[in-house]
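Novice: got a sequence here, can you build the structure:
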Amino acid sequence: MTAPSQEPRTILCFGDSNTWGFNPDGGGRLPHDTRWPNQLEQLLNQRAARRAWRTIEDGLNSRTWLLDDPIGAARYGAQYSCSGRSGLMTSLHSHKPIDMVILALGCNDCKDYLNLSAEQIADGARILIHDTRTALNCGPHGRPEQPPAIVLMTPPLVMITAQSLTWGFSGADSKSQALGKRYLQLADELEVLAFDLQTAASVSSLDGIHFDSHAQSAIASGLADLISRELEPGRRRSPL
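Specialist: Okay, the predicted model is just below:
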């Protein structure tokens, strides 16, 4: 039996189709080794001096922060709730102990028919940050009462295309830009880490929402740099 001290550190990647690995060419899911959560695990383990890392992919197509979206889930048979809040606590308890949670939601909240402002969408992020911090004994090995570190990832900068309009993203280009700025403010306010996805990678022009294989690598590299910096003595906000 592996000693607890040798257990890998766990990062829960909780997001939407861009965490799931939706291929912008419409070809389904990108390959395992291409998707950014799995590239992130590889990069961190290449740099790891002590314990290994593992990432948990928990991405769901059409997932939002708080709202169920039957329209968004209709193309998947309407077989699940799109509300991130309805699934987060189950995910935390399923995968604990957890060292870090990457919250990567908000893109689907920009759909025009949901009628949410950037401020209202950011309030959803605020609530799930609170939920993560108050989840009972979901923290790291040996310190379960300590909440996992949190990375708030901005949504992508949406591009208006024929496909994104079909999915309901009219006006989401300007809304996602405003939302990115609001996330960075919220992360500073709540003292969580922020990852600006909008400066790290650009969505594919094929659909205006999702990331191709090149962008997946850029996302993983940027996140690995952020997490590695947090491991440097005196710079991290919470132990990992």
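Novice: which helix or strand in this protein has the lowest average pLDDT?
Specialist: helix 70-73 (a mean of 88; mean pLDDT, DSSP states H and E).
Novice: show me where the protein has helices.
Specialist: 17-20, 36-47, 70-73, 84-95, 118-134, 162-166, 172-190, 197-200, 213-230 (DSSP state H).
Novice: now the weakest link among those, please, by mean pLDDT.
Specialist: Ranked by mean pLDDT, those bottom out at helix 70-73, which scores a mean of 88.
Novice: same for it, what does it pack against?
Specialist: Here helix 70-73 touches no other helix or strand, going by 3 or more C-beta pairs under 8 Å, 6 or more residues apart in numbering; DSSP states H and E. In this view, the C-beta of every residue, glycine as well, is placed from N, C-alpha and C.
Novice: and it, what's buried?
Specialist: 72-73 (16 or more other C-beta atoms under 10 Å).
Novice: neighbours of residue 42, how many?
Specialist: 13 (other C-beta atoms under 10 Å).
Novice: check residue 93 too.
Specialist: Neighbours of residue 93 (other C-beta under 10 Å): 13.
Novice: hmm, residue 139 and it touching each other?
Specialist: No. Taking contacts as C-beta atoms under 8 Å, residue 93 lies outside contact range of residue 139: 11.9 Å.
Novice: re the thing from before, deepest-packed of the helices of the chain, please.
Specialist: helix 17-20 (a mean of 23; mean count of other C-beta atoms under 10 Å).
Novice: what comes into contact with that one?
Specialist: 13, 29, 35-37, 57-63, 104, 107, 156, 209-211 (C-beta atoms under 8 Å, 6 or more residues apart in numbering).
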